[in-house]
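Trainee: Sequence first, then the predicted structure:
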Amino acid sequence: MATSRSATRTSLPPADPRRYAPSPERPLRGKARLMEHQMDIQPHQHDWGQLVFSVGGAVRVSTSASTFIVPPSRAVWIAPRIIHAVSAIERADLRTLYLHESLTHASAWEQCRVLEVSPLLRELVLQLPTEPDAAPDTPAERERERCISHLIVDELGRARSLRLGVALPQDKRLLRLCQAIIEDPARHASLADWAAEVGASERTISRLFREQLGSGYGQWRSQVLLAHALSMAARQKPMSHIAAELGYASASAFTAMVTRTVGMPPSRFFAEA
């Protein structure tokens, strides 16, 4: 298995949300933030909905119920008033969209979910102003921002939802273990080693997985590995690199895990997901 990779984490508070708050006059606001590898934005919430999208690099978005590993071809919708944190898996050029409640009446906006980012949506997001205190000065600039915002909302409504979240438990011991696995899934080769890390027996942790998450440890960990693999595949990493990064001795062993888990080889799974 791969060895653990140590790094110093940086934990930062979110930028003042009031400076980016959407309003009836400007119902969609954009924000840009460069996140270095191992940087965390501390848990917080907003009264409005939020879309997290990385132009380059991968990030992890976590709520109390799920965690989402997001490459540039994906975005995470975070419903209003959901507490969430953002972590950079690698250096990431982050874009955040804040949507006023007038834009998100439909029931589809009530749950956090992963969305596919079309090339058009990506380019529209890049054109949206991101300075907190900058407002369009002229009628032409205001009309341009209105048109871009309208198209972004339309593209979000058309975006395909993807089931790429990893469920998280409520039990504190199991949550700590799950977060450690998500952070570095190759650090330990067995459940017994992971259980020892949180001071519990393998039998206890196995029971908690069944009770809290409705699955066994192996099945849940496979979902974590697939999420990491999808992120790397989206960045054109070769299969051998993905396998080694996730602790597999060979690409064929990794291929066998993916095929066993989702019923298709990695090449097809990555293409469809």
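Mentor: Perfect, thanks for sending it.

Trainee: Would you map the helices across the stretch 1-150 of the chain?
Mentor: 119-127, 139-158 (DSSP state H, counting those that start in this stretch).

Trainee: Turn those into TSV, including mean pLDDT, distance to residue 34 and mean neighbour count.
Mentor: Heads up, the C-betas are built off the backbone N, CA and C, glycines and all. Formatted as TSV, those follow (pLDDT from 0 to 100; distance: least, Cβ to Cβ, whole Å; neighbours: other Cβ atoms under 10 Å):
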stretch	mean pLDDT	distance to residue 34	mean neighbour count
helix 119-127	94	14	16
helix 139-158	94	21	15
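
Trainee: what's the closest of the ones you listed to residue 111?
Mentor: Closest to residue 111 of those, according to Cβ to Cβ: helix 139-158, at 14.1 Å.

Trainee: Pull the residues that contact that closest one.
Mentor: 26-28, 51, 77, 97, 99, 103, 106, 115, 118, 120-121, 124-125, 127-129, 136 (Cβ atoms under 8 Å, 6 or more residues apart in numbering).

Trainee: burial of residue 18, as a residue count?
Mentor: 8 (other Cβ atoms under 10 Å).

Trainee: re the thing from before, selection in ChimeraX covering whichever of the contacts of helix 139-158 are buried, please.
Mentor: Buried residues within these, by 16 or more other Cβ atoms under 10 Å, are selected in ChimeraX with:
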select :26,27,28,51,77,97,99,103,115,121,124,125,128,129
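
Trainee: Could you name the stretch from the helices of the stretch 1-150 of the chain that's closest to residue 253?
Mentor: Closest among those, using Cβ to Cβ: helix 119-127, at 34.4 Å.

Trainee: The closest one vs helix 139-158, what angle?
Mentor: 140 degrees (axes from the mean of the first three to the mean of the last three Cα atoms, to 10 degrees).

Trainee: who does helix 119-127 touch, helix- and strand-wise?
Mentor: Here helix 119-127 touches strand 49-56, strand 92-99, helix 139-158, going by 3 or more Cβ pairs under 8 Å, 6 or more residues apart in numbering; DSSP states H and E.

Trainee: can you tell me which of those comes nearest to residue 10?
Mentor: That would be strand 92-99 among the helices and strands packed on helix 119-127, by Cβ to Cβ, at 13.1 Å.

Trainee: which stretches of the stretch 101-250 of the chain aren't confidently modelled?
Mentor: Residues of the stretch 101-250 of the chain meeting the criterion pLDDT under 70: 163-164.

Trainee: mind redoing it with 50?
Mentor: Across the stretch 101-250 of the chain, nothing is flagged by pLDDT under 50.

Trainee: Would you map the strands across it?
Mentor: 113-116, 161-162, 165-167 (DSSP state E, counting those that start in this stretch).

Trainee: Name the nearest residue to residue 128, sequence neighbours excluded.
Mentor: Counting by Cβ to Cβ, 6 or more residues apart in numbering, residue 128 lies nearest to residue 30, which is 3.8 Å off, once chain neighbours are set aside.
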